[in-house]
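Asks: build me a model from this:
(2 chains)
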Amino acid sequence: MVRRPAPLKAALPKPPRLLTTLPGRFTSRLHDERTASLLGVALGAALLVSFGTGLVSHFMQQPAGWMRWPSRPVNLYRVTQGVHVIGGLATVPLLLAKLWTVYPKLWQWPPVRSIGHAVQRLLVFVLVGAALFQFVTGVLNIAYWYPFRFFFTTAHYWTAYILAGALVVHVANEGAKARRAVMTRPQDAVGRRGFLLTVAAASGAVALTTAGEAATPLARLAVLAPRRPGTGPQDVPVNKSAAATGVTAAALDPGWRLTVTGRVAREVTLSLADLRALPQHTVRLPISCVEGWSVEADWHGVRLRDVLRLAGVDAGGAGRGARVRVESLERGGRYRASRVDPPHWHDPLTLLALGMNGAPLALDHGRPCRLIAPNRPGVMQTKWVHRLVVT
Amino acid sequence: MTARVLGYAAGLALIGLGLRGIAADVPVGRWAAWFAGAAVLHDAVLVPLVLAAGLATGRLPGRFRRTVRAALVTAACVTAVALPLVLGYGRRADEPSRLPLPYGRNLAIVLAAIAVLAAAAAAASALAGRRKGRSR
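Replies: The predicted model follows:
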């Protein structure tokens, strides 16, 4: 007969009773499956919306080769990014409530029952870590506060996939249980309604005090938003100033010229007076920042397609499929140039704006000339334009 | 069961895609510190503080307890989201339209409004309770 070695457990000191009985010490009856499931369904939906709108923003800025974003509806990006940021902020109370509800499970004893259980718990850690990471970095980013030493955009983008993946696994694990918990009429008298209403009130308070940075009629309520419509040169906020980008001298130089070059029939060089001599148009378009704020303004200037036509690139002719790189006077930086695809440069609303709200462009808004187009992220509305390169 | 396997496969693929992107584009150590740090701070600091607040308010009589807790939860959430604005590290002298408001004062006003609403709700419920007691 083979003697089996004594189980390892006996060799370890017995854990203190406080640790093994901890999960039972959470007395609130709100730490239950139904509350967790109701909050989970709402949180899952909110995260899905954030993921989708985030992907829209990413792929508008870095379209894959086959992607063609439409130039209409005019306010599409304004809405998706407003929902991403304001909705994301309003989701914070939901996430915290959900994590509080399931907190006793963190202390379950034994911590790990099997290898499968260990993998599941690791994936829950990934879910929680990724969710908190997204919310913390997102909230800091819109406050322009960068205590972390990595680039926000790439970290937020890639972590979104980790969060989405961990969420899919979580739904695969818990979906059936959650459905049962939500669909079964509870027989207890736990006051869930009050708790859920409190979470809704907290979300509502956050949304109410921030939404006005994207929805101008609510601007006066946006007392805790990082931007205020109506504040800034010519009543429109600025993200990057001329001083910060070092373009002041070049932008004020009377020798400024706009050059149209690349795959054109003829190169064209235009002075500010030449541009003013072209047909002038006024359009009402929003500037919609990736940080969620947006403001409408009246822009006046020349149509981009009219300028391109001078160089022999015609929206109705052989060059209609061309892409245009709009270059700024900025020497470097991630947003020095932006790409304009055919749907946008064909659009009559797309201007090289020379002025805004009835006055010439302020220096910080891109004087002497900037791009303004419908359904387009603010960082791609290139300012201080001096070159159009047709490719 | 098949749905669960599919869920795992899709989920793990997405996690793998994200991790590959992090490894390629982001300094992994710094990223991991914030990833794990957020979870640890939440579990070890934030939730214990909430639990302590729950214990502290547990002594209040039932109908005030719920109102006070609801007000505290709302106030804490608003504060958490607004804190980076109040601290104002993102301000820049050359871009005055960035963080243009007096956020400390504004947060105080919002918190005061929450307190007033909560006090009104508590007073209303106390009044209703007294009336009910009298009619009985």
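
Asks: please enumerate the helices of chain B.
Replies: Using DSSP state H, the helices assigned to chain B run over residues B:2-25, B:28-41, B:47-57, B:62-87, B:103-135.

Asks: show me what counts as buried in the shortest one.
Replies: Counting neighbours by 16 or more other C-beta atoms under 10 Å in any protein chain shown, one finds that the buried residues in helix B:47-57 are B:Val47, B:Val50, B:Gly54. Every residue, glycine included, has its C-beta placed from N, CA and C.

Asks: cool, stretch A:308-326 as well?
Replies: Residues of stretch A:308-326 classed as buried by neighbour count (16+ other C-beta under 10 Å): A:Leu308, A:Arg309, A:Leu310, A:Ala311, A:Gly312, A:Val313, A:Ala315, A:Gly319, A:Ala322, A:Val324, A:Arg325, A:Val326.

Asks: and the first one, what element?
Replies: Meaning A:Leu308. Secondary-structure assignment from DSSP states H and E places A:Leu308 in helix A:304-310.

Asks: what's in contact with that helix?
Replies: Counting contacts by C-beta atoms under 8 Å, 6 or more residues apart in numbering or on different chains, the residues outside helix A:304-310 that touch it are A:258, A:260, A:264, A:268, A:270, A:275, A:278-279, A:314-315, A:319, A:322, A:324, A:340, A:345-348, A:350-352, A:371, A:373, A:388, A:390.

Asks: picking that back up, mind putting the helices of chain B into TSV with mean pLDDT and distance to A:Val56?
Replies: Rendered in TSV, the data for the helices of chain B read as follows (pLDDT from 0 to 100; distance: least, C-beta to C-beta, whole Å):
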stretch	mean pLDDT	distance to A:Val56
helix B:2-25	96	18
helix B:28-41	98	24
helix B:47-57	95	33
helix B:62-87	95	23
helix B:103-135	91	29
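
Asks: tell me which of those helices sits nearest to A:Ser203.
Replies: Each of the helices of chain B was scored for nearness to A:Ser203 using C-beta to C-beta, and the closest is helix B:62-87 (7.7 Å).

Asks: give the helix, strand or coil label for the residue nearest to A:Asp347 when sequence neighbours are not counted.
Replies: Residue nearest to A:Asp347 in three dimensions, not counting chain neighbours: A:Ser71, with 4.1 Å by C-beta to C-beta, 6 or more residues apart in numbering or on different chains. Taking DSSP: H, G, I helix; E, B strand; the rest coil as the rule, one finds A:Ser71 in the coil state.

Asks: ok so, going back, then whichever helix or strand comes after the helix holding A:Leu308 to PDB, C-alphas only?
Replies: Counting by DSSP H and E, the next helix or strand C-terminal to helix A:304-310 is strand A:324-328. Once side chains and other backbone atoms are set aside, the C-alpha atoms of strand A:324-328 remain, and they are given as PDB (Å, rounded to 0.1, in the frame of the first residue of the first chain):
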ATOM      1  CA  VAL A 324      -5.700  66.000 -50.200                       C
ATOM      2  CA  ARG A 325      -3.200  66.500 -47.400                       C
ATOM      3  CA  VAL A 326      -3.800  69.900 -45.700                       C
ATOM      4  CA  GLU A 327      -0.600  71.100 -44.100                       C
ATOM      5  CA  SER A 328      -0.200  73.600 -41.300                       C
END
